[in-house]
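Participant: Using only what follows, build the 3D model:
(one chain, ligands or ions: 1)
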Amino acid sequence: MQENDIDLLIIGAGLTGLALAYYLKDQPLNIKIIEARDRIGGRILTSYPSEGAPIEHGATWLGRKHEALNTLLKELGIDIFRQELGETAIYEPISTSPHQLVQLPPNNDPSFRIKGGTQKLIETLARHCKSDQILLNQVLTKIEEDGNHLVAHTKTDSFKARKIISTLPPFLFYANVEYPPNLSENLIDISKRTHTWMGESIKVALRFKTPFWQKQQTSGTVFSNVGPIPEMYDHSDADQTVFALKGFFNGSYYSVSKEERLNLVLNQLRKYFGSEIDQFTAYEETVWRNEKYTFSNYTEHILPHQNNGHSIYQNEFLNGKLFIGGSETATQFPGYMEGAVRSAFTISQKIIASQ
Ligand SMILES: Cc1cc2nc3c(=O)[nH]c(=O)nc-3n(C[C@H](O)[C@H](O)[C@H](O)COP(=O)(O)OP(=O)(O)OC[C@H]3O[C@@H](n4cnc5c(N)ncnc54)[C@H](O)[C@@H]3O)c2cc1C
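Facilitator: Coordinates of the predicted model:
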């Protein structure tokens, strides 16, 4: 299939790609979104079981300071609720001493979660798209110039468009896409050294029938320097009807089996909660490092957030035909949902101005 009459081709149906289509929905533009995975959302992924608590495998928390995201959520009629931390946290400072309960200070900058799951944001944005606008299972492999147009080649199809907006994490654009030879060398060099936020992370979660940790002497909040779970929080739903604990797991365990990770999770949590932890009804995890449309091995040592929000990403490329968007390219809060929404908004304004 070759599609030729596209004004804008957005690469990636994560938060940036879908928010960009949303901000441009009233423009007289033929817009398509191509997405490599068989699902939308990218680094946002909520699992909804038939019974039990939804689990956020990707983005979960936002704050009051995330103004663009909060504005978008309000506009879409999506509510948020406060992440409860409890009054105390379980703290494990070193392996040679037992864990202890510590009093948490008053929280003047609380975190919030999206009621119904972060995926609700993604699904709501997608509902504003036309039925044939999002094409799944389309892996971008190459972009080439064709006069005043660009042609995007996927593994199966090609798409000729006036403008292309990549919302891939910049490192994936560098690593996985063949680009025109005259594309800015500076852009390629920075993309090659831009960290993808949370790309190396592992999330783990356990569902329970009762929130036994919600007692005065404990809460679901865990901080451990010993690990392999460094942080864990109550992950029950907003109405406190279904219950779960969810945390991060040391990213270096990406190559061990799911069963081994579960054993390590249970061993650590038994220390704090005793045998009640064995009454979990389901275990879920996502090893983001093994997700090829989020993470690819860097070619050199890259620090967290390195080159996030770099000024090069504010430019247009190939005579205004190519934009590089995505959360990591935002000048404020890069790497976070807020960065994704800001990137989408900024690019939408440039496109509207260029019409
Ligand atoms: C475990 C984890 C926890 C997080 N926690 C938080 C949090 O609590 N708060 C917060 O604000 N942020 C958090 N984040 C970050 C947040 O998820 C991201 O900032 C945001 O979702 C990025 O959106 P994006 O659209 O820019 O990128 P992505 O979501 O990465 O979207 C890019 C899209 O491009 C697609 N794609 C990739 N390669 C190709 C290709 N070759 N062809 C076509 N499509 C392709 C991908 O499949 C994906 O759908 C977390 C992320 C993770 C992984």
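
Participant: which residue ranges form the strands in the stretch 101-250 of the chain?
Facilitator: 112-114, 134-135, 140-146, 149-154, 158-166, 202-208, 222-224, 231-234, 243-249 (DSSP state E, counting those that start in this stretch).

Participant: if you average pLDDT over the fourth one, what comes out?
Facilitator: Put plainly, it is strand 149-154. Mean pLDDT, computed over strand 149-154, is 97.

Participant: Wait, Leu187 touches Gln314, no?
Facilitator: No: taking contacts as Cβ atoms under 8 Å, Leu187 lies outside contact range of Gln314: 11.1 Å. For every residue, glycine as well, the C-beta is placed using N, CA and C.

Participant: So which of the two has more stuff around it?
Facilitator: Set side by side, Leu187 and Gln314 show more neighbours around Leu187, with 20 against 15, by other Cβ atoms under 10 Å.

Participant: For stretch 93-106, buried residues please.
Facilitator: Buried residues in stretch 93-106, counted by 16 or more other Cβ atoms under 10 Å: His99.

Participant: what comes into contact with it?
Facilitator: With contacts defined as Cβ atoms under 8 Å, 6 or more residues apart in numbering, stretch 93-106 is touched by 85-92, 217-218, 221, 224-226, 271-272.

Participant: Figure out which of the strands of the stretch 101-250 of the chain is closest to Asn307.
Facilitator: strand 158-166 (15.7 Å; Cβ to Cβ).

Participant: between that closest one and strand 140-146, how many degrees?
Facilitator: On the basis of axes from the mean of the first three to the mean of the last three Cα atoms, to 10 degrees, strand 158-166 is oriented at 100 degrees to strand 140-146.

Participant: on that earlier part again, possible to save the strands of the stretch 101-250 of the chain as a markdown table with distance to Tyr293 and mean neighbour count?
Facilitator: Output for the strands of the stretch 101-250 of the chain, formatted as a markdown table (distance: least, Cβ to Cβ, whole Å; neighbours: other Cβ atoms under 10 Å):
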| stretch | distance to Tyr293 | mean neighbour count |
| --- | --- | --- |
| strand 112-114 | 22 | 22 |
| strand 134-135 | 15 | 18 |
| strand 140-146 | 10 | 17 |
| strand 149-154 | 13 | 19 |
| strand 158-166 | 13 | 22 |
| strand 202-208 | 17 | 23 |
| strand 222-224 | 30 | 21 |
| strand 231-234 | 25 | 21 |
| strand 243-249 | 21 | 23 |
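
Participant: For Leu9, find the nearest of those.
Facilitator: Closest approach to Leu9 among the strands of the stretch 101-250 of the chain (Cβ to Cβ): strand 158-166, 3.8 Å.

Participant: Contacts for that closest one, please.
Facilitator: So strand 158-166 is contacted by 1-4, 6-12, 17, 20, 32, 34, 140, 143, 146, 148-152, 173, 177, 320-326, 347, 351 (Cβ under 8 Å, 6+ apart).

Participant: So which bits of stretch 111-124 are buried?
Facilitator: Ser111, Phe112, Arg113, Ile114, Gly116, Gly117, Thr118, Gln119, Lys120, Leu121, Ile122, Thr124.

Participant: Pull up the distance across it, start to finish.
Facilitator: Using Cα to Cα, to the nearest Å, the end-to-end distance of stretch 111-124 comes to 22 Å.

Participant: wait, Asn107 sits on Leu85?
Facilitator: Yes: with contact defined as Cβ under 8 Å, Asn107 and Leu85 form a contacting pair (6.5 Å).

Participant: Compare the two (neighbour count), which wins?
Facilitator: Leu85 (16 against 11).

Participant: Let me know the pLDDT of the residue nearest to the more buried one when sequence neighbours are not counted.
Facilitator: Once flanking residues are discounted, Leu85 sits nearest to Thr221: 4.9 Å by Cβ to Cβ, 6 or more residues apart in numbering. Predicted confidence (pLDDT) for Thr221: 95.

Participant: measure Val287 to Asn182 for me?
Facilitator: Distance of Val287 to Asn182, given as Cβ to Cβ, to the nearest Å: 38 Å.

Participant: Give me the contact list for the least confident helix or strand in the chain by mean pLDDT.
Facilitator: Ranking every helix and strand in the chain by mean pLDDT, DSSP states H and E puts strand 2-11 at the bottom, with a mean of 88. Residues outside strand 2-11 that contact it (Cβ under 8 Å, 6+ apart): 17, 20-21, 24, 29-34, 140, 150, 152, 157-168, 351.

Participant: ok, now which ones touch Leu150?
Facilitator: By Cβ under 8 Å, 6+ apart, the contact list for Leu150 reads Leu9, Ile143, Glu144, Lys160, Ala161, Arg162, Lys163, Ile164, Leu318, Lys321, Leu322.

Participant: right, and Asn250 touches Gly227 too?
Facilitator: Yes: using Cβ under 8 Å, Asn250 is in contact with Gly227, at 5.1 Å.

Participant: Is there a neighbour count for the closest residue in space to Glu35 that isn't next to it in sequence? I'd like the number.
Facilitator: Spatial nearest neighbour of Glu35, chain neighbours left out: Ala13 (3.8 Å); criterion: Cβ to Cβ, 6+ apart. Residues lying near Ala13 (other Cβ under 10 Å) number 28.
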